[in-house]
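> The sequence isn't on hand, but the structure is:
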């Protein structure tokens, strides 16, 4: 069985979406300074690195991170490789997604740009409203993408988030899918159990038996 870690590393220089708090790791106890153990204080936003958007991210009173159904976040998934995708992934690019696909991860040129160490880039590939509508109509239960946001920054009204989260479809953002072939996998995704969390960092991996 092959295991692929598709999570974004957290450390100095971790890319963040503009306006989000930076990731900070402050070692407050050091063995080399005479402490009996090492201890680090972490400061990060709820949407830092690889993370899950629950409905509460946009819908007041709806499920937060601690109420996400782990059965939705874990199970068979399909990786769709869009190597020459336009900046807006629409219904045409997604037309080949088979009905019955429950979890869909979108690999775009974003992944290779993360791997090249570009830092945050504003011209990332993202899902369009027609693309989101198609996936919702196909019954997809979880959508993931290799961008820190599934839709363009500053989009009027955030229609992609509203469409998916309003249908109870959690969004997995900040993936690193470089070198991951298109195909079928088992997804393992465990977000932090943050009470009333509008988002939750997570570790995400793919399992393949091929």
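Thanks, I have the structure now. Owing to the predicted nature of the structure, the values given are computational and were not obtained by experimental measurement.
> List phi and psi for the residue most central in space within the chain.
The residue lying closest to the centre of the chain (CA atoms, centre = their mean) is residue 173, at 1.6 Å. The phi/psi pair for residue 173 (degrees, to the nearest 10) reads phi -120, psi 160.
> Look at stretch 8-28 and report the distance between its end residues.
24 Å (CA to CA, to the nearest Å).
> From residue 29, how far off is the residue nearest to the centre of the chain?
Using CB to CB, to the nearest Å, residue 173 is found at 33 Å from residue 29. Every C-beta, even on glycine, is put in place using the N, C-alpha and C of the backbone.
> Now stretch 165-184: average pLDDT?
Average pLDDT, stretch 165-184: 97.
> nope, stretch 71-85 is what I meant
The pLDDT scores in stretch 71-85 average 94.
> Span of that stretch from start to end?
Criterion CA to CA; first-to-last residue distance in stretch 71-85 is 30 Å.
> contacts for it?
52, 89, 93-94, 96-98, 101-109, 125, 141-142, 144, 170, 172, 177, 180-191, 206 (CB atoms under 8 Å, 6 or more residues apart in numbering).
> Local confidence estimate at the residue at the greatest distance from the centre of the chain?
Distance from the C-alpha centroid of the chain peaks at residue 34, with 39.6 Å (CA atoms, centre = their mean). For residue 34, the pLDDT comes out at 97.
> where's it relative to residue 27, distance?
Note on residue 34: its distance to residue 27, by CB to CB, is 13 Å.
> where does the protein dip in pLDDT?
154, 209 (pLDDT under 70).
> mind listing the helices for it?
70-73, 91-94, 109-115, 129-137, 159-166 (DSSP state H).
> Contacts only, for the residue lying closest to residue 168 once chain neighbours are set aside.
Using CB to CB, 6 or more residues apart in numbering and skipping residues adjacent in sequence, the residue nearest residue 168 is residue 55, 6.6 Å away. Neighbouring residues of residue 55 by CB under 8 Å, 6+ apart: 62, 63, 165, 166, 168, 170.
> Repeat the analysis, applying 10 Å as the threshold.
The contact partners of residue 55, by CB atoms under 10 Å, 6 or more residues apart in numbering, come to 61-64, 67-68, 161, 164-171, 198.
> same check, this time on residue 99
If you count contacts by CB under 10 Å, 6+ apart, then residue 99 has 137, 138, 139, 140 around it.
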